[in-house]
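Just to be clear, the model below is a prediction. Sequence and coordinates:
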Amino acid sequence: MPGEIIIYTDGASRGNPGPGGYGTVLVSGKHRLEKSEGFRLTTNNRMELLAVIAGLEALKKPGSNVTIYTDSKYVADAVSKGWLLLWESKAFKKKKNPDLWKRFLDVYRKHNVKIIWIKGHAGHPENELCDKLAVEASKMEKLSEDYGFNPEDPDSELFTESE
């Protein structure tokens, strides 16, 4: 069984919707990986969730023991309060970001994952780094397309981080 892996994550959006990005830092023993990507039009919540997904998708060995630190109540509460399984049981009907939640569940179930919420912008070095990576990614000249985000959808997330 692989050793413990710690993943720090953050997402950012300049406008909601607007250009956005995510930053992810993975740490295991002496190993470290930093990942980020920017998107042309997206939302903060999508980037928060995508940061977690990107971290989990970077893991090579199924069954890893993973602790994820996120400043997103949207992500942390959806998992820890059991909302996500309820949403899944209802096929994500009337829920935002079903494409990303399904992708999250697929990779989440391959590992032993614990998600811990931390206060953002509170001086936690790895969270601050993830924020910096996310913001820098959102300002890149070439931004990816967030194909799952549809600003024309009346259920599109525009303002809130809570569910």
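Looks like it came in fine. In this text, all values refer to a predicted model and were calculated from it rather than measured experimentally.

Now the residue sitting nearest the centre point of the chain: which helix or strand?
Residue closest to the mean C-alpha point of the chain, counted by CA atoms, centre = their mean, is Leu49 at 2.4 Å. According to DSSP states H and E, Leu49 maps onto helix 44-57.

circling back: verify the stated contact: the residue nearest to the centre of the chain with Trp101.
Yes: with contact defined as CB atoms under 8 Å, Leu49 counts as touching Trp101 (7.3 Å). Placement of C-beta: from N, CA and C, glycine included.

follow-up on the earlier one: buried set for the helix holding Leu49?
44-56 (16 or more other CB atoms under 10 Å).

With stretch 121-130 instead?
For stretch 121-130, by 16+ other CB under 10 Å, it's His124, Glu126, Asn127, Glu128, Leu129, Cys130.

Can you get me the start-to-end distance on it?
One end of stretch 121-130 to the other measures 11 Å (CA to CA, to the nearest Å).

Roughly how far does the closest residue to Ile116 other than its chain neighbours sit from Phe39?
Spatial nearest neighbour of Ile116, chain neighbours left out: Tyr69 (5.3 Å); criterion: CB to CB, 6 or more residues apart in numbering. Separation of Tyr69 from Phe39 (CB to CB, to the nearest Å): 22 Å.

Show the model's pLDDT score for Tyr8.
Looking at Tyr8, its pLDDT is 98.

repeat for Asn16
Asn16 is given a pLDDT of 89.

so Leu33 makes contact with Glu57?
No: Leu33 lies out of contact with Glu57 (CB under 8 Å); the separation is 11.6 Å.

ok so, going back, tell me the one of the buried residues of helix 44-57 nearest Gly29?
Using CB to CB, Gly55 is the member of the buried residues of helix 44-57 that lies nearest Gly29, at 16.3 Å.

which residues does that closest one contact?
Ile7, Thr9, Thr24, Leu26, Lys35, Ile68 (CB atoms under 8 Å, 6 or more residues apart in numbering).

cool, and Tyr69?
Applying CB under 8 Å, 6+ apart, the residues near Tyr69 are Ile6, Ile7, Tyr8, Thr9, Ile116, Ile118, His124, Glu126, Asn127.

make it 6 Å
Tyr8, Ile116, Ile118 (CB atoms under 6 Å, 6 or more residues apart in numbering).

pLDDT wise, what is it at?
98.
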